[in-house]
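**Student:** A predicted structure for the sequence below; I have some questions about it.
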Amino acid sequence: MSTAAETPELVRKSSRNSLEDALDVDVEDLQTLGTYILNTAVDEDTTDLSILIQTIGTSCKYIANCVRKLGLARLAGKAGATNVQGEEQMKLDVVAHEVFSRSLVRSKRCTAMVSEEVEEVIPCVSSRDGRYVCVYDPLDGSSNIDCSVSIGSIFGIYKASEKGKFDEKDTLQPGRDMVAAGYALYGSACNLVLTIGGSVQGFTLDSSLGEFVLTHPNIAVPRKGKIYSVNEGNSRWWSKGMSEYVNHVKFKDEPHSLRYIGSMVADVHRTLMYGGTFSYPSDAKSPDGKLRLLYECFPMAYIMEKAGGMASTGSSRILDVVPKHIHQRMPIHMGSVEDILDIERFLAASE
Ligand code: AHG
Ligand code: MN
Ligand code: MN
């Protein structure tokens with residue numbers, strides 16, 4: 001008869017209940033954001049990119065802390081100013097922008113940055129080693145901050161045309177030229193979803209470790225979904241095609257469900273996980289839609305495509321758009337390929 005001393009693993013496992021099993025982390029499988037990105041670095045360029053992404057990961061952890069402590073730390077409420085879009089800034093918008101911009105400057109890996117919260121391109125003049133350009137929405141979903149509903153941060157990274165040289169034009173590259181993109185979701189869990197141009201990897205913040213741990217490897221969006229996500233309160237201004245598409249999914253034999261959080265990060269994250277569509281369309285009130293091309297549409301569209309989904313302006317691939325200015329808006333429809341093709345067909349038919 002074997003003893004516990006001879007078979008410690010067997011004894012340990014068999015005496016545990018299912019909750020202990022569920023809580024178990026196989027230490028051999030434990031992969032953090034840090035180890036994942038360092039493993040992808042093969043040369044000086046990619047090492048710099050790893051440092052940059054690590055910096056952004058740390059910024060997201062800092063913001064996640066602020067989100068958790070919001071009311072307790074007096075971080076709720078308005079900042080008392082408006083941003084470049086004429087939108088009222090919340091305190092957390094300002095804090096998140098400061099966290100992103102200061103840590104990115106300090107990383108010395110950027111030549112230039114674009115933040116939703118700043119009108120002009122931000123030059124990183126001290127970055128002799130910089131070879132990347134970073135665009136970001138430091139806090140997405142501002143209207144949800146004060147009611148503790150999911151919010152997020154979005155970022156996209158491009159190569160600079162020349163190492164160490166600030167060139168404003170580098171910020172106006174089409175989305176397809178990004179080298180990495182990601183977002184952090186401050187939801188019931190804090191997730192960081194990232195692609196460095198290949199597959200899409202999802203990490204979850206383990207607050208006891210203070211680390212993003214790989215929990216959702218190789219995210220793939222279903223080809224077809226059963227959810228549509230759009231602000232239906234704008235339907236009186238919609239085009240005929242948009243109204244007809246939404247009526248189609250509502251009144252078909254197996255109607256789709258509506259889910260709309262009002263934070264792009266959260267709505268797109270759900271779309272990545274469950275499939276379906278997320279739209280912020282062109283309408284008579286906002287012909288260019290609402291969402292900003294550079295730091296909202298492009299990074300999320302890049303992730304969606306890398307996960308096997310599709311992202312469209314309504315008539316063409318959004319990642320092929322060449323931006324004209326840094327705060328430009330663009331209509332967007334993204335999600336499961338078959339559903340986005342349906343939307344494009346409905347929009348084209350009503351033109
Ligand atoms: P931000 O908070 O960065 O300004 O972005 C808000 C955006 C986006 O997160 C969301 O999809 C959209 O606004 C919601 O807009 P509506 O309230 O018009 O539906
Ligand atoms: Mn936003
Ligand atoms: Mn924002």
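**Tutor:** Received it, and whenever you're ready, just let me know what you need. Ligands and ions are numbered 1, 2, ... in the order given.
**Student:** mind listing what the closest residue to ligand 1 within the stretch 1-150 of the chain touches?
**Tutor:** Scanning the stretch 1-150 of the chain for the residue nearest ligand 1 gives Ser142, at 3.5 Å (criterion: Cβ to the nearest ligand atom). Every C-beta, even on glycine, is put in place using the N, C-alpha and C of the backbone. By Cβ atoms under 8 Å, 6 or more residues apart in numbering, the contact list for Ser142 reads Glu87, Gln89, Met90, Leu92, Asp93, Ile151.
**Student:** What about the residue lying closest to Ser239 once chain neighbours are set aside, how many residues nearby?
**Tutor:** Of all residues not flanking Ser239 in the chain, Ser350 sits nearest, at 6.2 Å (Cβ to Cβ, 6 or more residues apart in numbering). Here the number of neighbours of Ser350 (other Cβ atoms under 10 Å) works out to 13.
**Student:** Hmm, Trp238 and Ser350 touching each other?
**Tutor:** No: using Cβ atoms under 8 Å, Ser350 is not in contact with Trp238, being 10.2 Å away.
**Student:** hang on, Gly225 packs against Gly275?
**Tutor:** Yes: under the criterion of Cβ under 8 Å, Gly225 makes contact with Gly275 at 2.8 Å.
**Student:** all helices of the stretch 51-200 of the chain, in order?
**Tutor:** All helices of the stretch 51-200 of the chain, identified by DSSP state H, counting those that start in this stretch, fall at 91-107.
**Student:** What parts of it come near ligand 2?
**Tutor:** Residues of the stretch 51-200 of the chain found near ligand 2 (Cβ under 5 Å from the ion) are Asp137, Asp140.
**Student:** Can you pull the residues of the stretch 51-200 of the chain lying near ligand 1?
**Tutor:** Glu87, Glu116, Asp137, Asp140, Gly141, Ser142, Ser143 (Cβ under 6 Å from any ligand atom).
**Student:** what about the last one, neighbour count?
**Tutor:** When you say that, I think you mean Ser143. With neighbours defined by other Cβ under 10 Å, the count for Ser143 comes to 13.
**Student:** and what of the fourth one?
**Tutor:** Other residues near Asp140 number 29, with proximity taken as other Cβ under 10 Å.
**Student:** Who does it form a beta bridge with?
**Tutor:** Gly152 (DSSP bridges).
**Student:** Verify the contact between it and Glu296 for me.
**Tutor:** Yes: between Asp140 and Glu296 there is a contact at 7.0 Å, judged by Cβ under 8 Å.
**Student:** who touches both of these two?
**Tutor:** With Cβ under 8 Å, 6+ apart, Asp140 and Glu296 have common neighbours Ile154, Met264.
**Student:** Find the least confident helix or strand in this structure, judged by mean pLDDT.
**Tutor:** When the helices and strands of the chain are compared on mean pLDDT, DSSP states H and E, helix 8-14 comes out lowest with a mean of 45.
**Student:** got any ranges where the stretch 201-350 of the chain has weak pLDDT?
**Tutor:** Counting by pLDDT under 70, the stretch 201-350 of the chain shows no low-confidence range.
**Student:** hey, where'd the strands end up in it?
**Tutor:** For the stretch 201-350 of the chain, the strands defined by DSSP state E, counting those that start in this stretch cover 211-216, 227-229, 257-258, 277-280, 310-312, 332-335.
**Student:** Could you name the helices and strands sitting against the shortest one?
**Tutor:** The elements that strand 257-258 packs onto, with contact taken as 3 or more Cβ pairs under 8 Å, 6 or more residues apart in numbering; DSSP states H and E, are strand 227-229.
**Student:** pLDDT below threshold where in the stretch 1-150 of the chain?
**Tutor:** In the stretch 1-150 of the chain (pLDDT under 70), the answer is 1-28, 126-127.
**Student:** The nearest residue to Gly308 once chain neighbours are set aside - how many residues pack around it?
**Tutor:** Spatially, and ignoring its direct neighbours in sequence, Gly308 is nearest to Ala220 (5.0 Å; Cβ to Cβ, 6+ apart). For Ala220, the neighbour count with other Cβ under 10 Å is 13.
**Student:** one step back: spit out the residues that contact Gly225 and Gly275 alike.
**Tutor:** Joint contacts of Gly225 and Gly275 (Cβ under 8 Å, 6+ apart) are Gly335, Ser336, Asp339.
**Student:** CSV for those, including neighbour count and distance to ligand 2?
**Tutor:** Shown next, in CSV, are the shared contacts of Gly225 and Gly275 (neighbours: other Cβ atoms under 10 Å; distance: Cβ to the ion, whole Å):
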residue, neighbour count, distance to ligand 2
Gly335, 31, 18
Ser336, 25, 22
Asp339, 26, 23
